[in-house]
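[1] Return atomic coordinates for the entry below.
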Amino acid sequence: MVRDGEQKAQQFAKKRLGTDRLPAGLPLAPPVTPWYATANIWWVTVEGEYARFAVAASHGPPSEPGARTTYARDGHNVTVDVDDDGTGERLGTADRISFRAETGIVVVVPPKPRGVGDKGGNAVEESSGWPDAGS
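    So this is what the prediction gives:
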C-alpha cells in the first residue's frame with residue numbers, strides 16, 4: 001500500500017510539477033500551479049555541556065613562588081584541607097557548565113523541484129556524545 005501511495009504522489013508531481021518527486025516544504029498560493037514559492041519553518045534547539053572547563057593562573061600564594069591555581073568546573077567534588085589533617089573537607093560540587101539556545105527559522109525559496117525541508121526524514125538529530133559529555 002505504501003508503494004501505491006508513493007506511486008500516486010510521483011504521478012501527481014510529474015503531472016503538476018514536471019518532476020517525479022514531491023517538494024520538501026509547503027507550496028505557497030496559488031495552491032499548486034503556477035507555483036511561486038516554497039516555505040518551510042524549523043524550530044532549532046542547540047544544547048551542550050563542557051566536560052571540563054578550567055581557568056588557570058600562574059600566581060600562587062607568596063609562600064609558593066611559581067605555583068599555579070586552577071579553577072575547574074568538571075562535575076567533581078570540591079575539597080579543601082581546612083584543618084591541616086591531610087584530608088580535604090568537601091565544600092561542594094563543581095557542576096559542569098551547560099548551555100541551551102532555541103530559535104525559529106523561516107525560509108521561503110523560489111519554485112524548484114525539491115524545495116527546502118527535511119529531505120532525509122530525521123527530525124531530531126543529536127551528536128554521538130550527547131547527553132554524556134566527556135564520557
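[2] can you tell me the helix or strand for Val107?
    Remark: Val107 resides in strand 98-109, with elements defined by DSSP states H and E.
[3] Can you find the helix or strand of the protein with the lowest average pLDDT?
    The least trusted helix or strand in the chain, going by mean pLDDT, DSSP states H and E, turns out to be strand 26-27, with a mean of 56.
[4] and the helix or strand following it, average pLDDT?
    Counting by DSSP H and E, the element after strand 26-27 in chain order, helix or strand, is strand 38-49. Taken as a whole, strand 38-49 has an average pLDDT of 82.
[5] Strand 38-49 to strand 98-109, inter-axis angle?
    170 degrees (axes from the mean of the first three to the mean of the last three CA atoms, to 10 degrees).
[6] and the closest residue to Ala57 other than its chain neighbours, how many neighbours?
    Excluding its sequence neighbours, the residue lying closest to Ala57 (CB to CB, 6 or more residues apart in numbering) is Thr69, at 4.9 Å. From N, CA and C alone the C-beta is placed, and that goes for glycine too. Residues near Thr69, counting by other CB atoms under 10 Å, number 12.
[7] Now that Thr69 has come up, it's in contact with Ala54, right?
    No. Judged on CB atoms under 8 Å, Thr69 makes no contact with Ala54 at a distance of 10.8 Å.
[8] residue ranges with poor pLDDT in the protein?
    For the chain, applying pLDDT under 70 flags the ranges 1-10, 12-13, 16-35, 60-61, 112-125, 130-131, 133-135.
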